[in-house]
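S.K.: Sequence and predicted structure, then a few things I'm wondering about:
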Amino acid sequence: MDFPFALALHGGAGTISRALMSAEAEQNYRQALQAALETGYDVLRHGGAALDAVEAAVISLEDCPLFNAGRGAVFTHEGHHEMDASLMDGRDRAAGAVTGARHIQNPIRAARLVMDQTEHVLLAYPGNEELAREFGLAMQPTEYFFTQHRFDQLQEALAEGRMRLDHSEAAQAPLEKPAAFVDEDPKKKMGTVGAVARDQHGNLAAATSTGGMTNKRYSRIGDSPIIGSGTFADNRTCAISCTGHGEFFLRAVVAHDISCLMEYRGLSLAEACRIVVHDKLAPVGGEGGLVAIDSFGNIALPFNSDGMYRASLSSDGNLYVGIYKD
């Protein structure tokens, strides 16, 4: 029996304003989101597994320098990159994650390796890179992850003496700072990518990847590689991938909380997401959002910030790409 299938993804949330977004930047973001969406959806369309679909979608986003993951990862205080990723299979809640990766081209591939080839769930640097090399994953020198606008963000953050949740540029699409560039609140962008899917066999999966915070120190880890906080999938309820201020999402165990509200209270996906994102996170300053899909193929894309890069596509042909509050 074939089930309705669908995929949803995000590329970060925060202060994303029409007034501050150039037309060129908006077009670039929309194209990148749709390209990743179609990459993952193509897996589902051909009968592939939800787990393979979310991995493929996240790889596409990691390879795009517009997003704070993989090639577009932000710089740490020391001037390098520490990337995190995780994924989860809703069939049996198998999961894999990596944190602090520095040279793995696609951290989400390494997370998949942890799940498939080890008895563990989460591997830190340098062990995750040792595993990646053993299985022949693509590795890249530091220069591969260098983008000028990310480096400029680090210099600004160092001068200010604080971390940044993501970049301060409003029009982020060009790799060079645009001439008519407008500053905005540097605390209001959360750069993480992720995807959730339901395949034709009725299985769910979720995947998340991030470069973390600009100017982060002491090997800081957010919610993205933590199963139950930034990523969760269970065929009985839902699949979730989060983006936001990681410390708040960690404390709230956001992804698992939504699943629990559905399982124990019988809430719909939309209602469970609304309670967690708007009633629990927002009042305590937990800004951000998530993408979610339930066991029936319903999709939710909630966020409490000004915007969230997001997209979804389902087997009924319903395509959606959004950036701002609609």
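M.R.: Noted; the coordinates are in hand.

S.K.: quick one: secondary structure of L313?
M.R.: strand (DSSP: H, G, I helix; E, B strand; the rest coil).

S.K.: Does it touch A36 like I think?
M.R.: No: counting by Cβ atoms under 8 Å, L313 stays clear of A36, with 10.6 Å between them. For every residue, glycine as well, the C-beta is placed using N, CA and C.

S.K.: Report the mean confidence score over stretch 311-323.
M.R.: Averaging pLDDT along stretch 311-323 gives 95.

S.K.: Send over that stretch as PDB, restricted to the C-alpha atoms.
M.R.: Extracted C-alpha coordinates of stretch 311-323, given in PDB (Å, rounded to 0.1, in the frame of the first residue of the first chain):
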ATOM      1  CA  ALA A 311       9.600  24.900   2.000                       C
ATOM      2  CA  SER A 312       7.400  21.900   1.600                       C
ATOM      3  CA  LEU A 313       6.100  19.600  -1.200                       C
ATOM      4  CA  SER A 314       3.600  16.800  -0.900                       C
ATOM      5  CA  SER A 315       2.300  14.000  -3.300                       C
ATOM      6  CA  ASP A 316      -0.900  16.000  -3.900                       C
ATOM      7  CA  GLY A 317       1.300  18.500  -5.700                       C
ATOM      8  CA  ASN A 318       1.100  21.200  -3.100                       C
ATOM      9  CA  LEU A 319       4.300  23.200  -3.300                       C
ATOM     10  CA  TYR A 320       5.200  25.900  -0.800                       C
ATOM     11  CA  VAL A 321       8.200  28.100  -0.400                       C
ATOM     12  CA  GLY A 322       8.200  30.800   2.300                       C
ATOM     13  CA  ILE A 323      10.600  33.300   4.000                       C
END
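
S.K.: tell me which residues of it are tucked away?
M.R.: Residues A311, S312, L313, S314, S315, V321, G322, I323 are the ones in stretch 311-323 that count as buried (16 or more other Cβ atoms under 10 Å).

S.K.: Compile those residues into TSV and extend it with columns for distance to L44.
M.R.: Converted to TSV, the buried residues of stretch 311-323 look like this (distance: Cβ to Cβ, whole Å):
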residue	distance to L44
A311	14
S312	12
L313	9
S314	9
S315	8
V321	17
G322	20
I323	24
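
S.K.: Farthest-apart pair in those, please.
M.R.: Put simply, by Cβ to Cβ the two of these set farthest apart are S315 and I323, 24.2 Å from each other.

S.K.: Are there helices or strands packed against the longest helix anywhere in the chain, and which ones?
M.R.: Ordering each helix of the chain by length in residues (DSSP state H) puts helix 23-45 first. Judged by 3 or more Cβ pairs under 8 Å, 6 or more residues apart in numbering; DSSP states H and E, helix 23-45 is in contact with strand 6-14, helix 50-62, strand 192-198, strand 307-314, strand 319-324.

S.K.: contacts for that helix?
M.R.: The contact list for helix 23-45 (Cβ atoms under 8 Å, 6 or more residues apart in numbering) reads 5-7, 9, 11, 49-50, 52-54, 56-61, 64, 66-67, 170-174, 178, 195, 197, 199-200, 309-313, 315, 319, 321, 323.
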